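Asker: Kindly generate the corresponding structure for this input.
(one chain, ligands or ions: 2)
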Amino acid sequence: MAEISCANCGEDTELLGERTGPNNENITVTCQVCGLVWDRDFTPRCETCGETNVYPAFKAILDKSRGTQLSIQSMKLVHLCPHCQPELHATYSQTNTPIPPDELPVETDD
Ligand SMILES: [Zn+2]
Ligand SMILES: [Zn+2]
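Answerer: Ligands and ions are numbered 1, 2, ... in the order given. I've put the predicted structure just below:
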């Protein structure tokens, strides 16, 4: 097995690998130290256009299970495409601030 390490904290032993995907062709790795989740993809590329010159970024995963309080539960490593996600790509490459999750829990008034 090739060496892998957490892109966030550098941990290289407390990593949990889990096969995912329709044919178990993917491996999702979870860092048990800092909670980062990423796909063990040998060639990161844009799922939309196939661009391989993508920018690694951390995306926040919010914990929706604890009442109304939002907290960043963990982070997932994603890859930003300069063609399909030009704004995110530009912003992230300048700030390196974790990307908010796609779906924010809907606020209700009741
Ligand atoms: Zn880590
Ligand atoms: Zn793309």
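
Asker: how about the helix or strand of the chain with the lowest mean pLDDT: buried residues?
Answerer: The weakest-scoring helix or strand in the chain, judged by mean pLDDT, DSSP states H and E, is strand 71-80 (a mean of 82). For strand 71-80, a neighbour-count test (16 or more other Cβ atoms under 10 Å) marks 74-80 as buried. (Glycine included, C-beta is placed from N, CA and C.)

Asker: Just the CA atoms of that strand, as CSV, please.
Answerer: Extracted as CSV, the C-alpha positions of strand 71-80 are listed here (Å, rounded to 0.1, in the frame of the first residue of the first chain):
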residue,chain,number,x,y,z
SER,A,71,-21.0,22.9,14.3
ILE,A,72,-18.4,21.8,11.9
GLN,A,73,-18.2,18.1,12.5
SER,A,74,-15.5,17.2,10.1
MET,A,75,-14.1,18.2,6.7
LYS,A,76,-13.9,16.5,3.4
LEU,A,77,-11.2,16.9,0.8
VAL,A,78,-12.7,17.9,-2.5
HIS,A,79,-11.1,19.2,-5.7
LEU,A,80,-12.1,22.5,-7.3
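
Asker: which secondary structure elements does it contact?
Answerer: Packing contacts for strand 71-80, counted by 3 or more Cβ pairs under 8 Å, 6 or more residues apart in numbering; DSSP states H and E, involve strand 37-39, strand 55-63, helix 86-95.

Asker: hmm, 6 Å instead?
Answerer: Judged by 3 or more Cβ pairs under 6 Å, 6 or more residues apart in numbering; DSSP states H and E, the packing partners of strand 71-80 are strand 55-63, helix 86-95.

Asker: burial count for the closest residue to Leu77 other than its chain neighbours?
Answerer: Excluding the flanking residues, the one nearest Leu77 by Cβ to Cβ, 6 or more residues apart in numbering is Trp38, at 3.4 Å. Counted with other Cβ atoms under 10 Å, residues neighbouring Trp38 total 24.

Asker: How about Asn53?
Answerer: Neighbours of Asn53 using other Cβ under 10 Å come to 11.

Asker: Asn8 touches Cys34, doesn't it?
Answerer: Yes. If you go by Cβ atoms under 6 Å, Asn8 and Cys34 touch, sitting 5.2 Å apart.
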